[in-house]
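Colleague: Could you look at this predicted model? Sequence included:
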Amino acid sequence: MKVFTASLTLESSARTEVSDVTSLVKAAIGPFGVSTGLALVNTLHTTCGLFVNEFQSALVEDLQSLMGRLVPDRGGYRHDDPRISDCERGNARAHLRAALFGRTIALGVSHGDLTLGQFQSVIFAELDGPRRREISIQVIGE
Amino acid sequence: MKVFTASLTLESSARTEVSDVTSLVKAAIGPFGVSTGLALVNTLHTTCGLFVNEFQSALVEDLQSLMGRLVPDRGGYRHDDPRISDCERGNARAHLRAALFGRTIALGVSHGDLTLGQFQSVIFAELDGPRRREISIQVIGE
Amino acid sequence: MKVFTASLTLESSARTEVSDVTSLVKAAIGPFGVSTGLALVNTLHTTCGLFVNEFQSALVEDLQSLMGRLVPDRGGYRHDDPRISDCERGNARAHLRAALFGRTIALGVSHGDLTLGQFQSVIFAELDGPRRREISIQVIGE
């Protein structure tokens, strides 16, 4: 049994951007040669989401609409009010969407590959870009 | 320290169905004989939820109401529009509810059993049934 | 490779209370002497949230507003209706908010410390206090 760590860097190019990072995560953990175990995938940021779902363009638009409906761009957020907050980015919506849509993924590893269903992708959601972002990966197994 | 994997198959019998799968998960991991460690429980599907909460019938109805209020059955979803999507099930609501209510559970194992509080159950939510569903389990420990 | 477990007890002092527990979690896992691995942090309760985000007072207020908007205090919940439920606390809102905002955190451990980004804190949300609460921690690594 061994433990391995890796990190991925992503460059987002828009304020909000939803990407399929499955192949990047697989490429990062492949060299570890772990046949059976588990993989942990985390962003190191508070304004990004990370989750597993189907990556289909129409569904991604539905997901972005849902985020905008549950957490509107302008919601009178205190975090965005310069009189009471030192945040200059006006990004409360990004923090709140990240809180709702998660940022930790823990997945099985079997036969040397991520245990994902037929329609499952690892999806990274940039919610306050464009920025350089980091994803941290741990793999434990044998 | 060892790693074990198992999978569970469930047959749902309704479009939406919320089940307590705690005893199924415990039965699956019991034979591994792991005294101390952790267990990862994932669905392999993009239209199911998996989370920990109290399993009480009135609360389950409240949870289903909440899902319906935050993600209505008919929300004009692009994923469900045959002109722009190849999805024939009209199940955008199931994907979006799954994205909100999660699908990964990571729990401790101690004294050979899942570390759950008095009122905690492992709850599986079928959001686009009836179908056969698979749950993937990894246990690492000693 | 070894596995360690710990538990933390918190005393909340209000019905709803959001706390930064990063230093408590770090203090609990430090003595294990794990250099590289992963840490699992779970509440053992169904009416608490646990997640990672920036801990800034204005943002915490925004988060509490969001919870109240998505899951109102009084929502005609069946769980709170004494005619159909044996729950005497009227705490459906706490269960539903916990279901939305999560209760599992899995984080990497590297160089003997939690792998957290610059603005990331481990945040515990008491949603039905005041009460004594327990957090369960597992660390696996070497």
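Modeller: Yep, it's here. Computed from a predicted model, the values in this text were never measured in an experiment.

Colleague: In contact with the residue of chain A found nearest chain B, which residues are there?
Modeller: Distance from chain B to each residue of chain A (CB to the nearest CB) is smallest for A:Gly117, at 3.3 Å. Backbone N, C-alpha and C define where each C-beta goes, glycine included. Contacts for A:Gly117 were tallied using CB atoms under 8 Å, 6 or more residues apart in numbering or on different chains; they are B:43-46, B:134.

Colleague: same thing but 10 Å
Modeller: A:52, A:54, B:42-46, B:48, B:103, B:133-134, B:136 (CB atoms under 10 Å, 6 or more residues apart in numbering or on different chains).

Colleague: Buried only: go through these for me.
Modeller: Neighbour-count burial (16 or more other CB atoms under 10 Å in any protein chain shown) applied to the contacts of A:Gly117 gives A:52, A:54, B:42-46, B:48, B:103, B:133, B:136.

Colleague: ranges for the helices of chain A?
Modeller: A:22-29, A:57-70, A:92-101 (DSSP state H).

Colleague: With mean pLDDT added, can I get those in JSON lines?
Modeller: Output for these, formatted as JSON lines (pLDDT from 0 to 100):
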{"stretch": "helix A:22-29", "mean pLDDT": "97"}
{"stretch": "helix A:57-70", "mean pLDDT": "96"}
{"stretch": "helix A:92-101", "mean pLDDT": "94"}
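
Colleague: Deepest-packed of those, please.
Modeller: helix A:92-101 (a mean of 26; mean count of other CB atoms under 10 Å in any protein chain shown).

Colleague: ok, that helix near chain C or not?
Modeller: Yes - for helix A:92-101, a contact with chain C is found by CB under 10 Å from any CB of the partner chain, at A:92-93, A:95-100.

Colleague: Could you pick out which of these are also in contact with chain B?
Modeller: A:Leu100.

Colleague: List the contacts of A:Val21.
Modeller: Counted by CB under 10 Å, 6+ apart, A:Val21 has contacts A:8, A:10, A:27-28, A:41, A:50, A:55, A:121-124, A:135.

Colleague: sorry, back to before: ok, now how distant is the residue of chain A closest to chain B from B:Arg131?
Modeller: Going from A:Gly117 to B:Arg131 by CB to CB, to the nearest Å gives 12 Å.

Colleague: Find residues that contact each of those two.
Modeller: B:45, B:48.

Colleague: wait, A:Leu44 sits on A:Arg132?
Modeller: No - in this structure, A:Leu44 is not within contact of A:Arg132 by CB atoms under 10 Å, at 11.1 Å.

Colleague: ok, which of the contacts of A:Val21 also contact chain C?
Modeller: Okay, of the contacts of A:Val21 touching chain C (CB under 10 Å from any CB), that's A:Val41.

Colleague: Which of the contacts of A:Val21 fall within strands?
Modeller: A:8, A:10, A:41, A:50, A:121-124, A:135 (DSSP state E).

Colleague: circling back: any chance of the buried ones among the contacts of A:Gly117 in JSON lines, plus distance to B:Met1 and pLDDT?
Modeller: Putting the buried ones among the contacts of A:Gly117 into JSON lines (distance: CB to CB, whole Å; pLDDT from 0 to 100) gives the following:
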{"residue": "A:Val52", "distance to B:Met1": "26", "pLDDT": "94"}
{"residue": "A:Glu54", "distance to B:Met1": "35", "pLDDT": "96"}
{"residue": "B:Asn42", "distance to B:Met1": "21", "pLDDT": "96"}
{"residue": "B:Thr43", "distance to B:Met1": "26", "pLDDT": "95"}
{"residue": "B:Leu44", "distance to B:Met1": "25", "pLDDT": "95"}
{"residue": "B:His45", "distance to B:Met1": "30", "pLDDT": "96"}
{"residue": "B:Thr46", "distance to B:Met1": "32", "pLDDT": "95"}
{"residue": "B:Cys48", "distance to B:Met1": "30", "pLDDT": "96"}
{"residue": "B:Arg103", "distance to B:Met1": "26", "pLDDT": "73"}
{"residue": "B:Arg133", "distance to B:Met1": "30", "pLDDT": "97"}
{"residue": "B:Ser136", "distance to B:Met1": "20", "pLDDT": "97"}
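
Colleague: ok, back up a step: report the two of the contacts of A:Val21 separated the most.
Modeller: A:Ala28 and A:Phe55 (17.9 Å; CB to CB).

Colleague: And the residue nearest in space to the middle of chain A, how close does it get to C:Arg89?
Modeller: In chain A, the residue lying closest to the centroid (CA atoms, centre = their mean) is A:Leu50, at 2.3 Å. Going from A:Leu50 to C:Arg89 by CB to CB gives 34 Å.

Colleague: One more: A:Asn53?
Modeller: Counting by CB to CB - A:Asn53 and C:Arg89 are separated by 34 Å.

Colleague: distance of the residue of chain A most remote from its centre from C:Ala58?
Modeller: Most distant residue from the mean C-alpha position of chain A: A:Arg83, 31.0 Å away (CA atoms, centre = their mean). For A:Arg83, the distance to C:Ala58 (CB to CB) stands at 10 Å.

Colleague: quick revisit: what two of the buried ones among the contacts of A:Gly117 have the greatest distance between them?
Modeller: Farthest pair in the buried ones among the contacts of A:Gly117, by CB to CB: A:Glu54 and B:Ser136, 17.0 Å.

Colleague: thinking again about what came up before, with pLDDT and distance to chain B as extra columns, can I get the ones in strands among the contacts of A:Val21 in a markdown table?
Modeller: Shown next, in a markdown table, are those (pLDDT from 0 to 100; distance: CB to the nearest CB, whole Å):
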| residue | pLDDT | distance to chain B |
| --- | --- | --- |
| A:Leu8 | 97 | 19 |
| A:Leu10 | 97 | 20 |
| A:Val41 | 96 | 10 |
| A:Leu50 | 94 | 11 |
| A:Ser121 | 97 | 8 |
| A:Val122 | 96 | 11 |
| A:Ile123 | 96 | 9 |
| A:Phe124 | 96 | 13 |
| A:Ile135 | 96 | 16 |
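
Colleague: Isn't A:Val18 up against A:Phe124?
Modeller: Yes - if you go by CB under 10 Å, A:Val18 and A:Phe124 touch, sitting 7.4 Å apart.

Colleague: A:Leu116: what's it in contact with?
Modeller: Per CB under 10 Å, 6+ apart, neighbours of A:Leu116: A:22, A:25-26, A:52, A:107-108, A:122, B:42, B:44, B:46, B:136.

Colleague: can you pull the pLDDT of A:Cys87?
Modeller: What the model reports as pLDDT for A:Cys87 is 79.
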